[in-house]
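Colleague: need a 3D model of the sequence below.
(chains A, B, C and D)
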2 protein chains.
Amino acid sequence: MTKTASTRERLLAAARDLFWTRGYSNVSVRDITNAAGVDAALVSRYFGGKQGLFEATLAGIPRWEALDAEGEALLAAAVASFAHPFDPDCVQANPFTMLLSNIIDPEMGDKIRTLVQEGLAAPLARKLDGPYVEERAAMLLAALFGMALMRKNFQIAALTDPPPQEVSAQIRHLAQAALHFKA
Amino acid sequence: MTKTASTRERLLAAARDLFWTRGYSNVSVRDITNAAGVDAALVSRYFGGKQGLFEATLAGIPRWEALDAEGEALLAAAVASFAHPFDPDCVQANPFTMLLSNIIDPEMGDKIRTLVQEGLAAPLARKLDGPYVEERAAMLLAALFGMALMRKNFQIAALTDPPPQEVSAQIRHLAQAALHFKA
DNA sequence: GGGGCATGTCAACAACCGTTGACAAAAAAG
DNA sequence: CTTTTTTGTCAACGGTTGTTGACATGCCCC
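Modeller: Predicted structure coming up:
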């Protein structure tokens, strides 16, 4: 939010903050432009409309094609690429909550779906060894998203109050169970 | 949708169908009344408004205080109470997807949150034995919601294509890992 | 039959939505 | 300096939202 930041980037930053926490259809163009301190008409000029602005924020979601880790380190690398989604100090929106907030949306749901399918689940399955790679990748995603959901959205006390390393141990426990699924 | 069904119940049924799949803010009053074949003004008359109609549908969500099972059977009873959320033949909305669809909403999120906290997590923890009951209950919820999310919302192929009993085995695997968490 | 009550219809409201085009100001290019 | 291009402001648009009040209709009870 520095004064030198171009209007376009101020818009993008405000859109990311709002879209990622409140969801596409729960954020109006005027919400964003008020937060960014610019006029509402500039969204259409710079991004072609609200939809284009949302898709621009979508580019900030990491994909898992480039994960350079294997075995046990893979899990840590995957979680770390999502900007400490289980750190209580990180009140910012993270990619997990972003995807959770927008999967329901009737307009943007398809884009979120294919992003998770092709950007997360498929590359993760390609990096796994052994049988049931796709099922195990899906289960790992379920564990990570489920824990993020319980913590950030449902705010279950047992996951929000303890120090983050304890929660991390539980996440690791569940995620490794997913990866070790057999038969 | 029988002709003898009262208008109030027709409204409630249509609201459940739409709210549970598309989320509170993505459904308009006119969407519901058109589906029910009644006038839009009747929502305000019968339920005091859109918000009241949504809260009326909230009463249909099962709580876990009344679960009469223990040990290994507890998991099966919990999942069964949610109306076969992993059955592909059940394209209807189920309570899992209902809660997922509405947790984001700025107006209804609080109600959904307390429902999950006090209606699901807390009573489940009370039925568990041993240490870490609250953490294990939260992890079990994370596993169930995570798998429902991957299947119904993100539509990961590895969880939508196989027959339901295979998916059930994976859910059971992940859920039991959650329940067996130690240290 | 007639008063009272429930039930449903209709039009309209004010508020908000995303988007557009005209216009002003500033900067860049000639 | 003049022209052109960029950058931002403003008012307004058509559409949709949830809600309201007036009005018509049917039904029961006295």
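Colleague: in stretch A:41-61, which residues are buried?
Modeller: When burial is assessed from 16 or more other CB atoms under 10 Å in any protein chain shown, stretch A:41-61 yields the following buried residues: A:42-43, A:46-47, A:50, A:53-54, A:56-58, A:61. For every residue, glycine as well, the C-beta is placed using N, CA and C.
Colleague: buried stuff in stretch A:30-38?
Modeller: For stretch A:30-38, burial by neighbour count (16+ other CB under 10 Å) applies to A:31-33, A:35-36, A:38.
Colleague: hang on, I meant stretch A:149-168
Modeller: Under 16+ other CB under 10 Å, the buried positions of stretch A:149-168 are A:149-156, A:158-159, A:162, A:167-168.
Colleague: for the buried residues of stretch A:30-38, which one is nearest DNA strand D?
Modeller: In terms of CB to the nearest atom of the strand, no member of the buried residues of stretch A:30-38 lies closer to DNA strand D than A:V38, at 4.8 Å.
Colleague: what residues are up against the closest one?
Modeller: The neighbours of A:V38, taking CB atoms under 8 Å, 6 or more residues apart in numbering or on different chains as the test, are A:7, A:10-11.
Colleague: filter those residues down to the ones near DNA strand D?
Modeller: Counting by CB under 7 Å from any atom of the strand, A:T7 from the contacts of A:V38 sit close to DNA strand D.
Colleague: by neighbour count, which of the contacts of A:V38 wins?
Modeller: Within the contacts of A:V38, neighbour counts (other CB atoms under 10 Å in any protein chain shown) peak at A:L11, which reaches 25 neighbours.
Colleague: so that residue makes contact with A:V43?
Modeller: Yes. Contact criterion CB atoms under 8 Å: A:L11 and A:V43 qualify, at 6.6 Å.
Colleague: report the buried residues of stretch A:173-183.
Modeller: Residues A:173-175, A:177-179, A:181 are the ones in stretch A:173-183 that count as buried (16+ other CB under 10 Å).
Colleague: nearest residue to A:T7 in space, ignoring adjacent ones along the chain?
Modeller: Nearest residue to A:T7, sequence neighbours excluded (CB to CB, 6 or more residues apart in numbering or on different chains): A:V38, at 5.5 Å.
Colleague: quick check on that neighbour: phi, psi?
Modeller: Backbone torsions for A:V38, taken as degrees, to the nearest 10, come to phi -130, psi 180.
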